[in-house]
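Participant: From the sequence below, what's the structure:
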Amino acid sequence: MDPSALSTLRAVRAHGGVTAAAAVRHLTPSAVSQQLATLQREVGVALTERAGRGVRLTPAGHALADAALDVAVALERARAACDAFVASPGGTVTVSAFSSGAELLLPGLLGRVAALGGVTVECADEDVAQDRFVALTDRFDLVVAHRPDGGVGWGADVVVEPLLREPLDVAVPSDHPLAAGGSVAPGDLVDLPWIAVREGFPVARVLDELTVRTGVEPRVVHRINDFHVVEALVAAGHGVSLLPRFTTRAGPGSGLRLLPLRDVRAGRLVEVLLRPDRARRVAVQRVLTELRALAADVAASTS
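Facilitator: You can find the predicted model right below:
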């Protein structure tokens, strides 16, 4: 069996169809269909079936997709065995991160990796809903993702490497009555206008917790995911928001103040996701080691 075709089968399952898999695999939909047809002839059993206007994997297709992961891991293990005899195994490693995580980590990561020699990092910002981060591991070697405190994990299909926990603070205008205090409680925030992220993004979970604690649903007046835009709106007096502590510009002259939220565990876990096969690449592990060290430095400097 062609390992490339096996990877395509896995992509069809992970992304829900031929067209989406083709985009991830940089193939045409026709090429994806041809690979699936070839695999099906080789195994002698149907691997896909019609589902509305698309296709889905049959039980046999799911079984082969599971086995395909083992094949991919074995191939990367073999490559890693050879890399062990190279003084400084190199190559290109692709890294994605959500926007504020990219701001926090990518500049330092690029500097650290440049000092290694032999490894090239290609970066992208991918700010997606929480349930879409795992799918990014088909496109990138390392995916910097975030999820709320106490939120569900990422599942068994990916390797998860914890990096750090970042508190989420309540941002208010610097001339707001609450700005004079050192922190705020959920009851202090009832009836205030909120600038929130879109539904499905990790920060939104804290607002759900505020509803539970106060019995009053926060009054959301704007939904904006770009935290720098949110900073500007808060500073101009257009609402309050939850913002990440490490990257929010809340110093003198910023027009806003960050206040820790009492009685609610308000934070997000920043983690790296990667496919088990890509985790075997020595170059990927070298970059991951630098990312872990960088995150440890960030956590130590902000504690």
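
Participant: Around the spatially closest residue to residue 276 that is not a sequence neighbour, how many other residues sit close by?
Facilitator: Distance criterion Cβ to Cβ, 6 or more residues apart in numbering; nearest residue to residue 276, sequence neighbours excluded, is residue 73 at 5.2 Å. Just so you know, the C-beta spots here come from the backbone N, C-alpha and C atoms, and that holds for glycine as well. Counted with other Cβ atoms under 10 Å, residues neighbouring residue 73 total 16.

Participant: Just the pLDDT for residue 73.
Facilitator: In this prediction, residue 73 carries a pLDDT score of 78.

Participant: mind checking which helix or strand it is in?
Facilitator: Under the criterion DSSP states H and E, the helix or strand holding residue 73 is helix 59-83.

Participant: Just the buried positions in that helix, please.
Facilitator: Taking 16 or more other Cβ atoms under 10 Å as the basis for neighbour counts, the residues of helix 59-83 that come out buried are 61, 64-65, 68-69, 71-73, 76, 79-80, 83.

Participant: Over to stretch 22-40?
Facilitator: Neighbour-count burial for stretch 22-40 flags 22, 24-25, 27, 32-33, 35-36, 39-40 (criterion: 16+ other Cβ under 10 Å).

Participant: And the nearest residue to residue 207 once chain neighbours are set aside, how close does it get to residue 198?
Facilitator: Using Cβ to Cβ, 6+ apart and skipping residues adjacent in sequence, the residue nearest residue 207 is residue 218, 5.0 Å away. Using Cβ to Cβ, to the nearest Å, one obtains 14 Å as the distance from residue 218 to residue 198.

Participant: the more surrounded of those two?
Facilitator: For residue 218 versus residue 198, neighbours defined as other Cβ under 10 Å are more numerous around residue 218 (21 against 12).

Participant: Would you agree the more buried one is in contact with residue 204?
Facilitator: No - with the criterion set as Cβ atoms under 8 Å, residue 218 and residue 204 do not qualify as a contacting pair; they are 10.1 Å apart.

Participant: so what sits against both of these two?
Facilitator: Among the neighbours of residue 218, those also in contact with residue 204 (Cβ atoms under 8 Å, 6 or more residues apart in numbering) are residue 196.

Participant: give me the element the residue most central in space within the chain is part of.
Facilitator: For the chain, the residue nearest the mean C-alpha position is residue 145 (2.3 Å; Cα atoms, centre = their mean). Assigned by DSSP H and E, residue 145 belongs to strand 142-148.

Participant: and the helix or strand following that strand, which strands flank it?
Facilitator: For strand 142-148, the succeeding helix or strand toward the C-terminus, using DSSP H and E, is strand 159-173. For strand 159-173, the paired strands and their directions (DSSP bridges) are strand 240-244 (antiparallel), strand 256-259 (antiparallel), strand 267-274 (antiparallel).

Participant: any idea which of those strands is most buried?
Facilitator: Neighbour counts averaged per stretch over the strands paired with strand 159-173 are highest for strand 240-244, at a mean of 26; criterion: mean count of other Cβ atoms under 10 Å.

Participant: what residues does that strand touch?
Facilitator: With contacts defined as Cβ under 8 Å, 6+ apart, strand 240-244 is touched by 100, 166-173, 176, 189, 192-196, 203, 206-207, 227, 230-231, 233-234, 250, 258, 261, 266, 268.

Participant: Filter those residues down to the buried ones.
Facilitator: By neighbour count, with 16+ other Cβ under 10 Å, the contacts of strand 240-244 hold 100, 166-173, 176, 189, 192, 194-196, 203, 206-207, 227, 230-231, 233-234, 250, 258, 261, 266, 268 as buried.

Participant: and the buried residues of stretch 22-40 as CSV, adding secondary structure and pLDDT?
Facilitator: Listed next are the buried residues of stretch 22-40 as CSV, based on DSSP: H, G, I helix; E, B strand; the rest coil; pLDDT from 0 to 100:
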residue, secondary structure, pLDDT
22, helix, 87
24, helix, 81
25, helix, 84
27, coil, 85
32, helix, 86
33, helix, 87
35, helix, 88
36, helix, 87
39, helix, 86
40, helix, 86
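
Participant: quick one: which of those residues is nearest to residue 239?
Facilitator: Nearest to residue 239 among those, counting by Cβ to Cβ, is residue 24 at 37.5 Å.

Participant: residue contacts, that closest one?
Facilitator: For residue 24, the contacting residues are 11, 14-15, 138-139, taking Cβ under 8 Å, 6+ apart as the criterion.

Participant: sorry, back to before: out of the buried residues of stretch 22-40, which two sit at the greatest distance?
Facilitator: Across these, the two lying at the largest distance from each other (Cβ to Cβ) are 24 and 40, at 20.3 Å.
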